[in-house]
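J.: Requesting a structural model of the entry that follows:
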Amino acid sequence: MNRPAFLRSAMVVALIGFFLPWLLVQCSGQTVLEANGFALAAGQFDARDPINGSVQHQSAPPNLLIAAALALVVIGIPITSRSAVRKYARRVGWMAASAIACSALGLNASIRSLLTSPQAARATGGLLSHKIEWGFGITILALLAASLVGLATPAPANEQSTKEKAPDAT
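T.: Residues are numbered from 1 along each chain as shown. Below you'll find the model as predicted:
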């Protein structure tokens, strides 16, 4: 597989990863919330009441860091589909690296806001625990692969380098 195709595939896998489970929140071993990256970015997810098991739709402020990571991936995919992908491969590599940072910081912020909210502490008696799910790992690994391949792709050689300029005929 050539580098542009690998880069494109890694970015598509990263996008799919945003729709896989990222976070599991439990109260005394019972699942209270399971959210994917897209739900965390949008701030919309379903939470289970640990006492009676009823499911309630929860709204939280959108996580702008995860939304930025998702946007970087979505913008990066069409760039990898261009015929001049080698020209933009390093940019896509930097976009993927930035998406890793945004995803990690955004997930950390989501965990902190979900576990330390006064409403959650009252409802569960402070017995909440969290687990980072496999979808987050797939997303990060795909972004890491895209970043490494993109940044390792050599810049295209110019037809005429600046050192080899043709002499002026004056």
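J.: What segments of the protein are helices?
T.: For the chain, applying DSSP state H gives helices covering 3-17, 37-42, 64-81, 85-116, 118-124, 134-152.
J.: Going by contacts, tell me the helices and strands next to the fourth one.
T.: This means helix 85-116. For helix 85-116, the elements it packs on are helix 3-17, strand 21-27, helix 37-42, helix 64-81, strand 128-132, helix 134-152, judged by 3 or more CB pairs under 8 Å, 6 or more residues apart in numbering; DSSP states H and E. C-beta here means a position set from N, CA and C on the backbone, and glycine is covered the same way.
J.: so where's this protein uncertain?
T.: Within the chain, the segments meeting pLDDT under 70 span 1, 82-84, 117-126, 158-170.
J.: that older thread, output the helices and strands packed on helix 85-116 in TSV, with distance to C102 and mean neighbour count appended to each entry.
T.: Rendered in TSV, the data for the helices and strands packed on helix 85-116 read as follows (distance: least, CB to CB, whole Å; neighbours: other CB atoms under 10 Å):
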stretch	distance to C102	mean neighbour count
helix 3-17	12	20
strand 21-27	13	21
helix 37-42	10	24
helix 64-81	4	20
strand 128-132	16	16
helix 134-152	10	20
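J.: of all those, which lies closest to N108?
T.: When the helices and strands packed on helix 85-116 are compared for distance to N108 using CB to CB, the nearest one is helix 64-81, at 8.8 Å.
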